[in-house]
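Student: please find the sequence and the predicted model below.
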Amino acid sequence: MDHSGQRTMKALNRATWNRFRTFGVDSVYKLSNFTVNTGWNGGYPEILLGPYSHFEGISDEDFPPMPPFNLVPLKDLSSLPDDTRVDVLGIVTKVKDVVNNSATGVQRLEIYIDDDISKSDLSVIFWRDDASSFAGMKPFVPIIFRDAVKLTYCDEPTLHVKSFTQIWENSSNADARDLYERFEKAALEEGVELMEADEHAGESANK
């Protein structure tokens, strides 16, 4: 993954796989001479590594900095046209079970987020591989979406996670930490103890 999203990589043969299997988690690499395929995996782009593909490790300092978020308050989503890409921040308030469409086989996960404890929750929909990847998400953690797509359903705004959407759970982002602390304070005033943020997985990004 880079700051524009995360992609699956596949080797076209065992010899290529043997060259690339040394990849390390959380390491930074520069790739060249690869192919991008969109015909498989439900249309999600995949990187195909062939015999002429090349990679080299680079330092974190050489990795381009992440552009700042342009966060949209959840209450403002209803005024935006459908199919608008937005950056949003919220606290996960509910995670529903993954639903599998028996006719198409497409998986669907719905969660709810809130950025103000006095407002209504917003529905966020994950599809296909993202649905299973994020099924274990826990409530009461801050989450940031970059380039989620706003759609209207039953006259209410919803967010949909697409292949280009990025997601950070438990981000160290200052706005995310501030939101968590506000929710924690409000919850404690009501006698409810939220789970500690560091009990959940750190930052992550989707496909």
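Tutor: Yep, it's here.
Student: give me the distance between the residue nearest the centre of the chain and residue 92.
Tutor: Closest to where the C-alpha atoms of the chain average out (C-alpha atoms, centre = their mean) is residue 167, at 2.4 Å. With distances taken as C-beta to C-beta, to the nearest Å, residue 167 is found 11 Å from residue 92. Any C-beta I mention is one placed from the backbone N, CA and C, and that applies to glycine too.
Student: shared neighbours of those two, which are they?
Tutor: Taking C-beta atoms under 8 Å, 6 or more residues apart in numbering as the contact rule, residue 167 and residue 92 both touch residue 143.
Student: that older thread, please name every helix or strand in contact with whichever strand or helix holds the residue nearest to the centre of the chain.
Tutor: Here residue 167, judged by DSSP states H and E, is contained in strand 166-169. Judged by 3 or more C-beta pairs under 8 Å, 6 or more residues apart in numbering; DSSP states H and E, strand 166-169 is in contact with strand 142-153.
Student: adjacent strands (with direction) for the strand it packs on?
Tutor: strand 84-95 (antiparallel), strand 156-160 (antiparallel), strand 166-169 (antiparallel) (DSSP bridges).
Student: in the helix ranked longest in the chain, which residues are buried?
Tutor: Counting residues, the longest helix found in the chain (DSSP state H) is helix 174-189. Across helix 174-189, burial judged by 16 or more other C-beta atoms under 10 Å covers 176, 179-180, 183-184.
Student: any chance of these in JSON lines, plus pLDDT and distance to residue 37?
Tutor: Output for the buried residues of helix 174-189, formatted as JSON lines (pLDDT from 0 to 100; distance: C-beta to C-beta, whole Å):
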{"residue": "176", "pLDDT": "87", "distance to residue 37": "34"}
{"residue": "179", "pLDDT": "88", "distance to residue 37": "38"}
{"residue": "180", "pLDDT": "87", "distance to residue 37": "39"}
{"residue": "183", "pLDDT": "84", "distance to residue 37": "42"}
{"residue": "184", "pLDDT": "82", "distance to residue 37": "44"}
